[in-house]
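1. okay, sequence plus prediction incoming.
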Amino acid sequence: MEKRVRFHEKYCKSCALCVAVCPRKIITISDRLNDLGYHPATVSDEDQAKCTSCALCARMCPDAVIEVYR
(Lines give C-alpha, C1' and ligand atoms only; values in the text may rest on other atoms or scores of the structure.)
Protein backbone atom coordinates (compact mmCIF):
# COMPACT_ATOMS: atom_id res chain seq x y z
CA MET A 1 0.00 0.00 0.00
CA GLU A 2 1.19 3.48 -0.83
CA LYS A 3 1.92 5.64 2.20
CA ARG A 4 -0.62 8.36 2.89
CA VAL A 5 1.57 10.41 5.17
CA ARG A 6 5.34 10.67 4.91
CA PHE A 7 7.74 12.33 7.32
CA HIS A 8 11.14 13.66 6.26
CA GLU A 9 12.47 12.30 9.53
CA LYS A 10 15.97 13.72 9.16
CA TYR A 11 14.53 17.25 9.57
CA CYS A 12 11.98 16.54 12.34
CA LYS A 13 12.71 18.29 15.66
CA SER A 14 10.27 16.25 17.79
CA CYS A 15 7.98 19.17 18.63
CA ALA A 16 5.01 16.71 18.65
CA LEU A 17 2.54 19.28 17.32
CA CYS A 18 1.51 16.75 14.67
CA VAL A 19 0.90 14.14 17.38
CA ALA A 20 -1.42 16.53 19.23
CA VAL A 21 -3.46 17.52 16.17
CA CYS A 22 -3.94 14.09 14.53
CA PRO A 23 -7.65 13.18 14.80
CA ARG A 24 -6.90 9.44 14.34
CA LYS A 25 -4.08 9.48 16.94
CA ILE A 26 -1.77 7.44 14.68
CA ILE A 27 1.31 9.69 14.79
CA THR A 28 3.91 8.76 17.40
CA ILE A 29 7.37 9.90 18.37
CA SER A 30 9.98 7.32 17.39
CA ASP A 31 12.46 5.68 19.76
CA ARG A 32 15.31 6.13 17.29
CA LEU A 33 17.30 9.32 16.78
CA ASN A 34 17.64 11.25 13.52
CA ASP A 35 20.85 12.96 12.34
CA LEU A 36 20.00 16.07 14.37
CA GLY A 37 19.69 14.05 17.59
CA TYR A 38 15.89 14.24 17.83
CA HIS A 39 13.31 11.48 18.02
CA PRO A 40 11.30 12.03 14.79
CA ALA A 41 7.55 11.71 14.44
CA THR A 42 6.34 8.72 12.46
CA VAL A 43 3.33 6.63 11.48
CA SER A 44 3.68 2.86 11.56
CA ASP A 45 3.07 0.83 8.42
CA GLU A 46 -0.06 -0.73 9.90
CA ASP A 47 -1.46 2.69 10.90
CA GLN A 48 -0.99 4.13 7.40
CA ALA A 49 -4.33 2.59 6.39
CA LYS A 50 -6.05 4.50 9.22
CA CYS A 51 -4.87 7.87 7.88
CA THR A 52 -7.69 9.92 6.35
CA SER A 53 -5.29 12.33 4.56
CA CYS A 54 -6.81 15.29 6.38
CA ALA A 55 -3.39 17.03 6.30
CA LEU A 56 -3.83 18.66 9.72
CA CYS A 57 -0.41 17.33 10.69
CA ALA A 58 1.24 18.89 7.66
CA ARG A 59 -0.43 22.24 8.28
CA MET A 60 0.66 22.22 11.92
CA CYS A 61 4.31 21.28 11.27
CA PRO A 62 6.53 24.37 11.68
CA ASP A 63 9.38 22.76 9.68
CA ALA A 64 7.31 21.41 6.75
CA VAL A 65 8.62 17.86 7.15
CA ILE A 66 5.28 16.14 6.45
CA GLU A 67 3.81 15.23 3.07
CA VAL A 68 0.24 13.94 2.80
CA TYR A 69 -1.05 11.97 -0.19
CA ARG A 70 -4.62 11.23 -1.20
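-> Nice, thanks for sending it over.
2. was I right to think M60 contacts C18?
-> Yes. The criterion here is Cβ atoms under 8 Å, and M60 meets it with C18 at 5.7 Å. (Each C-beta comes from the backbone N, C-alpha and C, glycine too.)
3. between those two, who's got more neighbours?
-> Ranked by neighbour count (other Cβ atoms under 10 Å), M60 and C18 place C18 first, with 25 against 15.
4. next helix or strand past the helix or strand hosting T28?
-> T28 is part of strand 27-29 when elements are defined by DSSP states H and E. Toward the C-terminus, strand 27-29 is succeeded by strand 41-43 as the next helix or strand (DSSP H and E).
5. who touches that next one?
-> Here strand 41-43 makes contact (Cβ atoms under 8 Å, 6 or more residues apart in numbering) with 3, 5, 7, 9, 12, 14, 16, 18-19, 26-30, 51, 65-66.
6. among the residues you listed, which lie within helices?
-> Among the contacts of strand 41-43, the ones falling in helices (DSSP state H) are 18-19.
7. buried subset of the contacts of strand 41-43?
-> Buried residues within the contacts of strand 41-43, counting neighbours by 16 or more other Cβ atoms under 10 Å: 5, 7, 9, 12, 14, 18-19, 26-28, 30, 51, 65-66.
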